[in-house]
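K.L.:
Show me how the following folds:
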Amino acid sequence: MNFKRFLTLFFVILMAGWAQAQEEGETEARKPGHYNNNRFKQLYEEFSTPNMYRSPNGAPGPNYYQQQADYVMDIELDDEKARIYGNETITYTNNSPDALEYLWVQLDQNVRAQDSKSPLIEPSGAAPAELASSFVGKYMGAGFDGGFKIQEVKNEKGNPLPYTINRTMMRVEMPKALETGASFSFSIKWWYNIPEHTIDRARSGFETFADGNRGYVIAQFYPRMAVYSDVEGWQNSQFWGRDEFALPFGDFEVNITVPADHTLDATGKLLNRKEVFSKTMMDRYERAKKSYDKPVIIVTQEEAEAASKGFSTQKKTWKFKAENVRDYGFATSRRYIWDMMAVKIGNRDVMAVSVYPPEGNPLWEDWSTRVVASTLKSYSRMTFDYPYHKAISVHAKNQGMEYPMICWNYGRPDEDGNYSERTKYGMMSVIIHEVGHNFFPMIVNSDERQWTWMDEGINTFVQYVAEQDFGEEYPEAVAPNQAYPSRRGPAKNIVDYMASDQDNIAPIMTKGLNTYSFGANAYAKPATGLNILRETIMGRDLFDYAFRTYSQRWMFKHPTPEDFFRTMEDASAVDLDWFWRAWFYTTDYTDIGVQDVKKFYVTSKMNQQVREMMEARGMKESDLPPLVYLVEEGSEDYEESMKTASLDEVTTLQEYIMDNVDASERSKLKKPKFFYEVVFEKPGGIPMPIIAEYTYSDGSTERITYPAQIWRKNDKTVGKVIASDKEITKIVVDPDEETADIDTTNNTWPKRKTLGEFNKFKEEVKGD
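P.N.:
Reported below is the predicted structural model:
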C-alpha cells in the first residue's frame, strides 16, 4: 500500500470514528458499565423457553395437547321465582401427559354468594352524595342470595363423590388418578337464584320490563370445567368478578325447559325446531335462510307484545347440540322479537340473528342483524371463515357480554323510540365487539383470567377494522362523507392516556384482575398498538398475513402472548421485539420531534472543523486526495458566494467525476442544490418510525419513513442528511398522527410560534 492510500484510509477511519461519536453521544468521562439496556435487544429474558408443546416460531409444538370437556345438561327456568335448576353430566378426557389426581370445576355464580369475598377487595370511600338506590343496596339491603346451591356430585354409577368448594372453585375427588388418554364422567345437580342484572350489573341475569315480564340472558350458569394446560397446569385462579375465564373445548347437548310462551335462542343447533316453532315461524325461517340483503322477522313486535299479556303455566323444552365450543349461553323471554338473515362466509351460509324486546325498536330492527352480518364478514377476512352456523345478538339493557354464537348488547332508544347518534353508534360498536368475541377468545381460546388483553385488546383491534368496513358497506349509517367514528383504534385517540401520569399504572402485560386503567390497558392500548403495527410499522399486507397465520394456527387451541408475538414475527420477517417490549411490557410513551435543522454548502475548500482534526494528528491537506467539504451556513467558513455556487464549481468533485464516472453515466447523476442535516430527537421512551414530511419552496411535499431501527444506537437523537434540488421550507414529524406522539409542539420545523401570555389573554377576550 502506498503512503497516499494509507493516509486516505486513515482519514476514512478517522471520519468514521467521528460519525460514531456523533451517533452514540460521545462523552469525556467513562461512565460505569451496565447490563444490556438497548431497546432493540431480543426478548429472551421476558419469554419462556420454547418446548415440545409450543414451538419457537409461535405455532403449537409437536406434543401440544388440550383437554376435552363434554356436557349433557337438562336446564329448567322457573320464571315465577327467577331461578334456574340444572342437572349436568360432564365427561372429562385427559389428553395431557400427566396423571390427574383431582378435577377443578368453576362456580362463577358464587361471586354473588352472600359470603363472597369479591366486594371486600375493592377499596371504598365516603362520597358526599350518593344515589338513594345505591345507598340502599350498599348499606341497607339484606343482600342477594346468590351463588350455586350444589345438591349432589356423583360418579356415573350414581355414587357420591367427595368435593371441596373454595369460593368460585370446586375440587372434585376421583376414586383414582385419571391417566393419560382416559376419561371420567360425573354429574352435578344444582340450582341458583338469578340476579337482576340491571341492578347489580351481573354478566348475566334478567331485566324486568314495565309490564312485569322478564328478559333473561343466561350464561356462566352451570359448573364449568377449568383449563388444564402445559402453561398453568390447572387454571384455578379465583373469579373475582372482572377477569373473565379460561375454558376447555367440548361438545354440548342441552335441553332447556322454559314457559311455553317464551321465545328462546342459544348456543348450538336447534334440534326440535318443528316442535317449538309454529308453522308461520317455520315459513319465515325458510325465507330467512335465503335472504342475504335484509333480515326476515321470525317473531314480530305485534306477536311479542301479544304474548307479553299472558303468563303461561305450560312448559316447552328447546333442545340444542353444539360441537367444539368452549362455553354455553341462552336468552329467553315471551317479550322477544326475533329476526334473521343469511350471510355468505366462504362457501357456507351462516345465519345472522337478533333477539330483542320492543324497547329496542326501531333501532334494533333497523340495524342489529345487518351489523352482525357485516361483522362476520370482516372478522372472517382478517382471520378464518366463521365456523359456526349462526351468530346471535341479544338486546339487554346495559349489557355487553359474549359467549359462543350468542352475545348480549346495550343500546336502547327512549320511551318514544327516539335515539341519539351516540346511542346508535354505541349499539353498533358493542354488537361488533361482542360478535367479534366469537373469534377471540371463543375460538382463538386465550386465557382471559391471565391475559385479558389477548381477547379484549386483540378483539378491539379487529373491531376497529370491522367498524370501518361497516361504514363503507352501509354509508347511510354514518354521517355523509364521513368514516365510522371509531372510539378505539386510531393512534391519536390514545394520546391523552399515554400522556397521563402512569407511575402507579402497570403495563399491558399484567394479570387481568390487577390491570390498572382497565379500559385503556386491556382494550384501547393493545388495540392501538396493533393498529400502529398494521398501518405504520409493518404495512397491511405483512401484518394481515401474519395475523391470519396466528389466528389459523391457534383456532380451537389455547395460545399465550409469546405464541402471538412469535407468530407475528415468524410470518412477516419483521423483528418486533423492540415494539412488544416498549408497548406491552412498559408504560413508556412516544415523543419524537425535530431538534435542529442545519443548512450546508458544498465546496473544495477545507473547512475549519476538518483542518483542526488534521492538525491535531499532524496531517497536511497535501497528504490527502481531493475531498469535498460541507460548510454550515453561518459558520466561520461560510461565504455568501456559496449560495449561488453549483456543484459544477466544486473542482475536487468534478475531477473525481471526470476520472471515475463513465461519460454515459454522467448525465444520470443528480445535482442537488441544497444540503441539510436534520436532527430528530426522541424525548419519549418508545422507539417509533420517524415519519417525516418535507415541504419544498415550490409547494410540493415528500414523505419519508425512517424505520424504528434508526434509534438502535442512539436512543435520544439521530441525524439525517438531505440532499435536494429544492429548498426545504417546512418539516413535520408524524403529520397524520400515526404513532401516538404525546407532544406535537416539537414535531414541526420551523418551530410553531406561540402567543405570549398577554397576547393569549387578548385572543381569549376577543373570542368572548
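K.L.:
Now do the SS call for the residue nearest to S604 when sequence neighbours are not counted.
P.N.:
Once flanking residues are discounted, S604 sits nearest to T652: 4.4 Å by CB to CB, 6 or more residues apart in numbering. The way it works is simple: take the backbone N, C-alpha and C, and place the C-beta from them, glycine included. Put simply, T652 is helix when judged by DSSP: H, G, I helix; E, B strand; the rest coil.
K.L.:
Touching, T652 and L624? I think so.
P.N.:
No: in this structure T652 lies outside contact range of L624 using CB atoms under 8 Å: 10.3 Å.
K.L.:
Check the burial of the residue nearest to S604 by counting its neighbours.
P.N.:
By the criterion of other CB atoms under 10 Å, T652 has 16 neighbours.
K.L.:
what sits against it?
P.N.:
S604, P626, L627, V628 (CB atoms under 8 Å, 6 or more residues apart in numbering).
K.L.:
Please tell me how far the first one sits from L627.
P.N.:
Counting by CB to CB, to the nearest Å, the gap from S604 to L627 is 8 Å.
K.L.:
can you give me phi and psi for the closest residue to Y328 other than its chain neighbours?
P.N.:
Excluding the flanking residues, the one nearest Y328 by CB to CB, 6+ apart is T267, at 4.7 Å. Reported as degrees, to the nearest 10, the phi and psi values for T267 are phi -60, psi 130.
K.L.:
ok so, going back, quickly name whichever of the contacts of T652 is closest to E152.
P.N.:
Nearest to E152 among those, counting by CB to CB, is V628 at 91.2 Å.
K.L.:
Please tell me I have it right and the closest one contacts Y601.
P.N.:
No: the pair V628 / Y601 is not scored as a contact, 11.0 Å apart, by CB under 8 Å.
K.L.:
between the two, which one's more packed in?
P.N.:
More neighbours surround Y601 than the other of V628 and Y601, with 22 against 13 (other CB under 10 Å).
K.L.:
what are the phi and psi angles of that one?
P.N.:
Phi and psi for Y601, reported as degrees, to the nearest 10, are phi -130, psi 150.
K.L.:
and it, what does it touch?
P.N.:
L630, V631, E633, Y638, M642, K643, A645, F675.
K.L.:
By neighbours, which of the residues you listed wins?
P.N.:
Each of the contacts of Y601 was scored by neighbours using other CB under 10 Å; the highest score is V631's, at 22 neighbours.
K.L.:
How confident is the prediction for the closest residue in space to that residue that isn't next to it in sequence, by pLDDT?
P.N.:
Nearest residue to V631, sequence neighbours excluded (CB to CB, 6+ apart): D637, at 4.6 Å. pLDDT, the model's per-residue confidence, is 87 for D637.
K.L.:
Over to D79?
P.N.:
At D79, the pLDDT recorded in the model is 97.
K.L.:
residues near it, how many?
P.N.:
Neighbours of D79 under the rule other CB under 10 Å: 22.
K.L.:
ok, it touching R214?
P.N.:
Yes: with contacts counted by CB under 8 Å, D79 reaches R214, the gap being 6.6 Å.
K.L.:
show me where the stretch 151-300 of the chain has helices.
P.N.:
Assigned by DSSP state H, counting those that start in this stretch, the stretch 151-300 of the chain shows helices spanning 197-200, 273-276, 279-288.
K.L.:
Now do the longest one: everything it contacts.
P.N.:
In this structure, residues lying in contact with helix 279-288 by CB under 8 Å, 6+ apart are 273-274, 277, 295-299, 339-342, 351.
K.L.:
In a markdown table, list those along with distance to K751.
P.N.:
Shown next, in a markdown table, are these (distance: CB to CB, whole Å):
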| residue | distance to K751 |
| --- | --- |
| R273 | 70 |
| K274 | 75 |
| F277 | 71 |
| P295 | 56 |
| V296 | 62 |
| I297 | 62 |
| I298 | 64 |
| V299 | 65 |
| D339 | 58 |
| M340 | 59 |
| M341 | 56 |
| A342 | 59 |
| M351 | 59 |
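K.L.:
Are any of the residues you listed buried, and if so which?
P.N.:
F277, P295, V296, I297, I298, V299, D339, M340, M341, A342, M351 (16 or more other CB atoms under 10 Å).
K.L.:
For D200, give me its contacts.
P.N.:
R112, G137, F144.
K.L.:
In space, what's closest to E244 - neighbours in sequence excluded?
P.N.:
Closest to E244 by CB to CB, 6+ apart is E448, at 3.9 Å.
K.L.:
didn't that neighbour look like it was pressed against F239?
P.N.:
No: distance between E448 and F239: 10.4 Å, which falls outside the contact criterion (CB under 8 Å).
K.L.:
what do the two both touch?
P.N.:
F245.
K.L.:
Go ahead and confirm R540 touches R534.
P.N.:
Yes: taking CB under 8 Å as the definition, R540 is a contact partner of R534 at 5.8 Å.
K.L.:
Which of these two has more residues huddled nearby?
P.N.:
Using other CB under 10 Å, the more surrounded residue of R540 and R534 is R534, with 21 against 11.
K.L.:
Could you report the pLDDT at the residue lying closest to the more buried one once chain neighbours are set aside?
P.N.:
Nearest in space to R534, with sequence neighbours left out and distances taken as CB to CB, 6+ apart, is F543 at 4.1 Å. Note on F543: pLDDT of 98.
K.L.:
For the stretch 651-768 of the chain, give me the ranges with low pLDDT.
P.N.:
Scanning the stretch 651-768 of the chain for pLDDT under 70 picks out 753-768.
K.L.:
change it to 80
P.N.:
Within the stretch 651-768 of the chain, the ranges that satisfy pLDDT under 80 run 752-768.
K.L.:
ranges for the helices of it?
P.N.:
Applying DSSP H, counting those that start in this stretch to the stretch 651-768 of the chain gives helices spanning 651-660, 663-666, 757-767.
K.L.:
so how far is the second one off the chain centroid?
P.N.:
Here helix 663-666 shows a centroid-to-chain-centroid distance of 54 Å under the convention CA atoms, centre = their mean, to the nearest Å.
K.L.:
The chain should start at 40 in everything you say after this.
P.N.:
Taking 40 as the first residue, the last one we looked at is helix 702-705.
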